[in-house]
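Student: Return atomic coordinates for the entry below.
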Amino acid sequence: QLQPHHGNDDGRVLLRKNDERRSRRSGSNRAALPHLHAVVFVRPCEESIALLCEEIRHPRFADYRVMFSNTTRHAFIERLAQADATTQRVLAVQEHFADFFALRPRLCVASPDPIALPPTLDRLLDVVFSSILTLRSPSVDIRYEHSSHECQHLAQRLAVRLDQESAILAQNARSSSAAANASNKSARPSSSSSAA
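Tutor: Below is the predicted model:
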């Protein structure tokens, strides 16, 4: 069960899981819900993939639409396909770049929990990369505090990942440009006029 947690002054509502839902339940205790369709939104990490594959091997729902919060490794997709080979319940797999928590318009964090352990470098890399993809910027300038070795290492790894994922960045920039052009065309008044 999800409980609403009211945010700061902006009135947005954040959903926070109850502790009961966070605990893993064994497959034998769970009731089948074959009349429901499942939409799964998860971060593409080892733990999420393992739990998702287990769920798909022993499905509770009629079908599944899986949405990852960041780019997904090909090996994860293969594992998901292998898990779904017998049941054929997965209808769609998509990537939506939202692997961060927005606190303000220009501020995002890896976790909304202030007492959580500090994120690892890999997690920070995922957060920064996902936010870049969300912004759909055609070019990215990487800047960091020169005296911080951690920031320098993160910037170097980010540069490598941006090079590796250049096709996704280009596609994102094109789709952003196309959407902007479409909205500009719809906002312009028609140039044709009719005579009375």
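Student: alpha carbons only for contacts and neighbour counts from here, please
Tutor: Noted.
Student: which residue is nearest the centroid of this protein?
Tutor: S69 (1.5 Å; C-alpha atoms, centre = their mean).
Student: Quick check: that one touching F97?
Tutor: Yes: taking contacts as C-alpha atoms under 8 Å, S69 lies within contact range of F97: 5.1 Å.
Student: Give the residues shared as contacts by these two.
Tutor: S130 (C-alpha atoms under 8 Å, 6 or more residues apart in numbering).
Student: number of nearby residues for V160?
Tutor: Residues near V160, counting by other C-alpha atoms under 10 Å, number 12.
Student: you'd agree it is in a helix?
Tutor: Yes: according to DSSP: H, G, I helix; E, B strand; the rest coil, V160 belongs to a helix.
Student: Could you list the low-pLDDT ranges of this protein?
Tutor: Where the chain drops to pLDDT under 70, the residues are 1-29, 138, 172-173, 175-196.
Student: so where do the strands sit in it?
Tutor: Counting by DSSP state E, the chain has strands at residues 2-6, 13-17, 33-42, 61-68, 90-95, 101-104, 107-109.
Student: Burial-wise, tell me which of those comes out on top.
Tutor: strand 61-68 (a mean of 18; mean count of other C-alpha atoms under 10 Å).
Student: In terms of secondary structure, what does it contact?
Tutor: The helices and strands touching strand 61-68, judged by 3 or more C-alpha pairs under 8 Å, 6 or more residues apart in numbering; DSSP states H and E, are strand 33-42, strand 90-95.
Student: ok so, going back, in a markdown table: the strands of the chain, plus distance to Q82.
Tutor: Formatted as a markdown table, these follow (distance: least, C-alpha to C-alpha, whole Å):
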| stretch | distance to Q82 |
| --- | --- |
| strand 2-6 | 31 |
| strand 13-17 | 29 |
| strand 33-42 | 18 |
| strand 61-68 | 15 |
| strand 90-95 | 11 |
| strand 101-104 | 31 |
| strand 107-109 | 34 |
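Student: Can you give the contact residues for stretch 33-47?
Tutor: So stretch 33-47 is in contact with 48, 60-73, 76, 99, going by C-alpha under 8 Å, 6+ apart.
Student: got it, and stretch 76-96?
Tutor: With C-alpha under 8 Å, 6+ apart, stretch 76-96 has contacts from 44, 49, 52-54, 56-57, 59, 62-72.
Student: Could you do stretch 53-62 as well?
Tutor: For stretch 53-62, the external contacting residues (C-alpha under 8 Å, 6+ apart) are 27, 30-38, 79-80, 83-84, 86-87, 89-90.
Student: at 10 Å instead, please
Tutor: 27-28, 30-39, 48-49, 51-52, 63-64, 76, 79-90 (C-alpha atoms under 10 Å, 6 or more residues apart in numbering).
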